[in-house]
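Colleague: no FASTA, just this:
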């Protein structure tokens with residue numbers, strides 16, 4: 001094992017949040033597995049239980065504790081539903097149209113024709129790994145699910161394998177590769193170059209994904225899951241579609257476009273956001289010492305304003321250092337972080353002319369556009385760069401109007417809506433259906449989608465109530481002061497938080513915030529910090545169960561029972577997590593890249 005040990009002062013440990021966690025988990029397991037209560041009811045009751053057992057909840061003491069436990073559960077339920085409801089409904093429409101029109105079967109036939117029927121599952125796995133890079137896992141799974149269903153209807157076997165082919169790679173990219181929200185924010189928290197995390201995450205992530213794919217084949221050989229009519233789709237009609245001559249099916253381009261176009265649009269928006277809103281990095285500081293001096297002395301029309309926005313701690317650190325020589329890495333990173341905060345939040349830079357400040361023509365041109373969001377951040381960054389031409393390296397953004405419309409088209413709700421319109425158009429042209437007929441066919445998928453929204457949102461409410469109960473803080477206090485390998489510690493913290501509250505993204509963000517102060521203190525790491533990034537990502541995949549929205553999205557939409565989902569999905573993502581940890585440890589030993 002790597003010799004580096006994490007040291008931290010141990011705060012007072014409160015064990016009550018762990019008791020809340022155990023009781024809440026026990027409530028879920030008992031209600032679902034023993035009493036056969038519907039998952040929605042079980043998760044809501046567990047969330048309320050966690051709230052009632054918590055020592056204090058947000059909003060107290062303005063209202064009673066037990067009432068706040070109920071109200072906060074309902075609020076957190078709504079927060080999750082607001083994020084996923086439209087996407088699930090639109091994906092249900094796309095799936096229904098792809099199945100009814102024969103478009104999904106067309107894609108499957110083309111896959112089989114290229115790769116052969118024996119390698120159909122591997123074809124979905126490899127192509128799915130690439131396609132999953134730019135899109136949130138739940139949306140990605142729902143878009144590709146009709147392909148797995150059509151493949152099962154055509155081959156008559158291996159339904160579990162086709163579903164797991166989608167999951168093996170999709171879960172890895174969700175936790176390791178930007179523009180997914182977790183790794184994107186982790187790269188920022190851990191002060192890592194985003195391009196490096198994308199490259200390393202994509203390459204290294206394929207190793208554990210392959211391990212889980214092999215395990216999925218092993219599970220598939222020992223467990224046969226039938227295709228169940230649970231989504232309101234008429235399987236008899238789909239079977240008739242599968243038996244039709246290929247000449248009666250839609251063209252391949254129009255068959256796959258409703259799936260690929262939303263993925264492309266979402267990926268495009270993520271790319272545009274990464275370009276337009278790119279934060280300052282340490283290499284962007286051409287002369288950190290001169291920048292510090294200029295800020296402290298208020299030299300220039302913008303220096304005083306920017307320096308006033310720095311935190312008191314950052315200003316004190318820079319003033320104590322003064323002109324003693326080159327700035328330490330800690331001071332440089334502190335200054336970079338403060339510049340990024342000004343860039344992201346300061347609206348004065350937009351309205352203040354800063355008399356005497358010479359702006360680039362590009363910066364001046366941006367002032368004519370409606371600046372908001374990442375466009376405002378880009379304008380602020382360019383203004384700061386113009387204020388420190390000798391101390392900062394200038395960068396260039398993109399046309400603000402291009403970014404604005406790209407961001408709109410790539411919003412996952414809009415992208416899925418465009419995909420749904422295309423899918424409806426294909427169905428109308430291929431089968432001659434009217435909008436009224438398609439509305440009738442949509443009732444079944446909408447009903448199933450509603451159940452998925454209820455269950456997924458209840459799981460989100462449960463996870464957030466555990467967060468309100470202080471489970472995350474308790475985990476941090478528990479590991480503080482222990483002598484453990486930092487890669488293992490990072491993985492373990494992320495895994496515990498993941499199991500406790502369900503969300504991989506929350507686990508990544510929370511763990512990165514916990515670990516960064518440890519990894520940036522002392523004499524530094526004996527390996528590149530990219531290994532900490534990956535270990536957190538792999539830990540956040542661990543043991544997906546009933547409080548994870550992905551568990552219910554995969555299980556319910558696929559027609560799996562809870563037991564079947566635990567024996568397949570949960571095993572596959574856990575294999576990803578554990579094998580990923582081993583890859584991180586081995587690579588950091590052999591190739592530390594310090």
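Modeller: Cool, the structure landed. All figures in this text were calculated on a predicted structure; none of them were measured in a lab.

Colleague: can you give me the helices for the stretch 451-594 of the chain?
Modeller: Applying DSSP state H, counting those that start in this stretch to the stretch 451-594 of the chain gives helices spanning 471-479, 486-501, 504-519, 530-539, 549-558, 562-565, 571-590.

Colleague: just name the most buried of those.
Modeller: Among the helices of the stretch 451-594 of the chain, judged by mean count of other CB atoms under 10 Å, the one packed with the most neighbours on average is helix 530-539 (a mean of 28). Every residue, glycine included, has its C-beta placed from N, CA and C.

Colleague: that helix versus helix 504-519: what angle between them?
Modeller: Note on geometry: by axes from the mean of the first three to the mean of the last three CA atoms, to 10 degrees, helix 530-539 and helix 504-519 are set 150 degrees apart in direction.

Colleague: Throw the helices of the stretch 451-594 of the chain into a markdown table and include distance to residue 24 and mean pLDDT, thanks.
Modeller: Listed next are the helices of the stretch 451-594 of the chain as a markdown table, based on distance: least, CB to CB, whole Å; pLDDT from 0 to 100:
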| stretch | distance to residue 24 | mean pLDDT |
| --- | --- | --- |
| helix 471-479 | 9 | 69 |
| helix 486-501 | 9 | 86 |
| helix 504-519 | 16 | 77 |
| helix 530-539 | 21 | 95 |
| helix 549-558 | 16 | 86 |
| helix 562-565 | 17 | 92 |
| helix 571-590 | 21 | 95 |
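
Colleague: between those, which one is nearest to residue 433?
Modeller: Proximity to residue 433 (CB to CB) singles out helix 549-558 among these, at 23.2 Å.

Colleague: give me the contacts around the closest one.
Modeller: Surrounding helix 549-558, the residues in contact under the criterion CB atoms under 8 Å, 6 or more residues apart in numbering are 39, 80, 84, 88, 137-138, 141-142, 145, 148, 163, 167, 171, 225, 230-231, 448, 451-452, 455-456, 459-460, 502-504, 544-546, 560-562, 564-565, 569-570, 573.

Colleague: looking at the helices of the stretch 451-594 of the chain, which is closest to residue 288?
Modeller: In terms of CB to CB, the element of the helices of the stretch 451-594 of the chain nearest to residue 288 is helix 504-519, at 20.2 Å.

Colleague: packing partners for the closest one?
Modeller: The criterion is 3 or more CB pairs under 8 Å, 6 or more residues apart in numbering; DSSP states H and E, and the helices and strands that helix 504-519 contacts are helix 159-176, helix 181-189, helix 486-501, helix 530-539.

Colleague: tell me which of these lies nearest to residue 367.
Modeller: Evaluated over the helices and strands packed on helix 504-519, closeness to residue 367 peaks at helix 181-189, with 27.2 Å, by CB to CB.

Colleague: so which bits of the helix or strand containing residue 49 are buried?
Modeller: Assigned by DSSP states H and E, residue 49 belongs to helix 39-53. Within helix 39-53, the residues that count as buried by 16 or more other CB atoms under 10 Å are 39-40, 42-53.

Colleague: which elements pack onto the longest helix along the chain?
Modeller: Secondary structure assigned by DSSP state H gives helix 65-101 as the longest helix of the chain. Contacting helix 65-101 under the criterion 3+ CB pairs under 8 Å, 6+ apart are the following elements: helix 39-53, helix 137-155, helix 235-242, helix 252-276, helix 412-431, helix 435-468, helix 549-558.

Colleague: tell me, how many neighbours does residue 451 end up with?
Modeller: Other residues within reach of residue 451, judged by other CB atoms under 10 Å, total 17.

Colleague: quick one: it and residue 92, what's the gap?
Modeller: 11 Å (CB to CB, to the nearest Å).

Colleague: the helices of the stretch 451-594 of the chain into CSV, with extra columns for distance to residue 154?
Modeller: Supplementary listing: the helices of the stretch 451-594 of the chain in CSV, determined by distance: least, CB to CB, whole Å:
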stretch, distance to residue 154
helix 471-479, 45
helix 486-501, 36
helix 504-519, 33
helix 530-539, 35
helix 549-558, 17
helix 562-565, 22
helix 571-590, 23
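
Colleague: right, and these - which one's nearest residue 331?
Modeller: For those, distance to residue 331 was read as CB to CB. The smallest value, 15.5 Å, belongs to helix 504-519.

Colleague: out of the buried residues of helix 39-53, which one has the weakest pLDDT?
Modeller: In terms of pLDDT, the weakest of the buried residues of helix 39-53 is residue 39, which scores 78.

Colleague: tell me the contacts of that residue?
Modeller: With CB under 8 Å, 6+ apart as the criterion, the residues that contact residue 39 are 32, 455, 458, 546, 552, 562.

Colleague: picking up where we left off before, average pLDDT across the longest helix of the chain?
Modeller: Summarised as a single mean, pLDDT over helix 65-101 is 84.

Colleague: same thing with stretch 112-126?
Modeller: Taken as a whole, stretch 112-126 has a mean pLDDT of 83.

Colleague: so how far is residue 350 from residue 422?
Modeller: For residue 422, the distance to residue 350 (CB to CB) stands at 38 Å.

Colleague: give the residue farthest from the middle of this protein.
Modeller: In the chain, the residue that sits farthest from the middle, by CA atoms, centre = their mean, is residue 356; the gap is 43.6 Å.

Colleague: mind checking how far the nearest residue to residue 538 once chain neighbours are set aside is from residue 371?
Modeller: Distance criterion CB to CB, 6 or more residues apart in numbering; nearest residue to residue 538, sequence neighbours excluded, is residue 580 at 3.2 Å. According to CB to CB, residue 580 and residue 371 sit 41 Å apart.
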